[in-house]
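>>> build me a model:
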Amino acid sequence: MDAQLKKYCVSVLEEGRSRLGLMLGIVSRVVGNTYEVVAVSSDTGIPHAGDQYPLDAVYCREVIQTMATVTITEIDGVKGMSLHPLYGLIPCEAYISSPINIHGKVWGTLNYTSLDKRMTPFSAEDIAFNEDRAARISSAIAVARL
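Numbers count the residues shown, from 1 in each chain. Below you'll find the predicted structure:
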C-alpha cells in the first residue's frame, strides 16, 4: 500500500475511533489464511502495520466468512467468545468490523476494538458509519490500483 493511501486509511481510523470511542482501529488485508495489519490507529502502540496473524486467530475471521459487519459489545458475555484464541492474549470487549470489498470479494476489514466493555450496543448509525468508511477505503484502493 502506498504512503498516501496508508495516510488516508489512518485518517479514517482516527475519525472512527473518535466517533465510536474505541481504543484501536485497524485496516487489514486478508490473503488466504493470513490477516495483515495494513494501517493502524491505537492508544496502545500495538499492533503495527505489517504485523501478520493466522486468520483463525483474529476476530475478523467471521467478517471474512460472512462478508458482513459484525458487532460485539461484550465479548466475555458472548457464549464461547472468551475461548477465542485472541481473547486470552488481548481480551478485547467491544468490537465492530466491516468488510472492505474489492470487485465483489472481501479484500480485508475495517475494524475497531476496545479492552473496555461497551455499555450500549452499536447503533444502526454506527454500523452504517463503519460500512460507509469501509466502502470509501475500498474505492480508494480501487483507484490506487488503476
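>>> sketch out the low-pLDDT regions of this protein for me.
Low-confidence segments of the chain, defined by pLDDT under 70: 74-92, 146.
>>> now the spatially most central residue of it: phi and psi?
Taking C-alpha atoms, centre = their mean, the centroid of the chain lies closest to Asn111, which sits 1.7 Å from it. Asn111 adopts backbone torsions of phi -140, psi 150, taken as degrees, to the nearest 10.
>>> these two touch, right, it and Ser98?
Yes. Here Asn111 reaches Ser98: they are 7.5 Å apart, a contact under C-beta atoms under 8 Å. From N, CA and C alone the C-beta is placed, and that goes for glycine too.
>>> return every residue with contacts to both of those two.
Val63 (C-beta atoms under 8 Å, 6 or more residues apart in numbering).
>>> distance of the residue nearest to the centre of the chain from Ala49?
Separation of Asn111 from Ala49 (C-beta to C-beta, to the nearest Å) stands at 14 Å.
>>> now do the strands in the protein.
When assigned using DSSP state E, the strands of the chain occupy the ranges 24-31, 34-42, 52-54, 70-72, 94-102, 105-114.
>>> redo those strands as a markdown table? Include distance to Val143.
Below are the strands of the chain laid out as a markdown table (distance: least, C-beta to C-beta, whole Å):
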| stretch | distance to Val143 |
| --- | --- |
| strand 24-31 | 16 |
| strand 34-42 | 16 |
| strand 52-54 | 25 |
| strand 70-72 | 27 |
| strand 94-102 | 11 |
| strand 105-114 | 13 |
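>>> for Glu14, find the nearest of the ones you listed.
For those, the distance to Glu14 is smallest for strand 34-42, at 4.9 Å, taking C-beta to C-beta.
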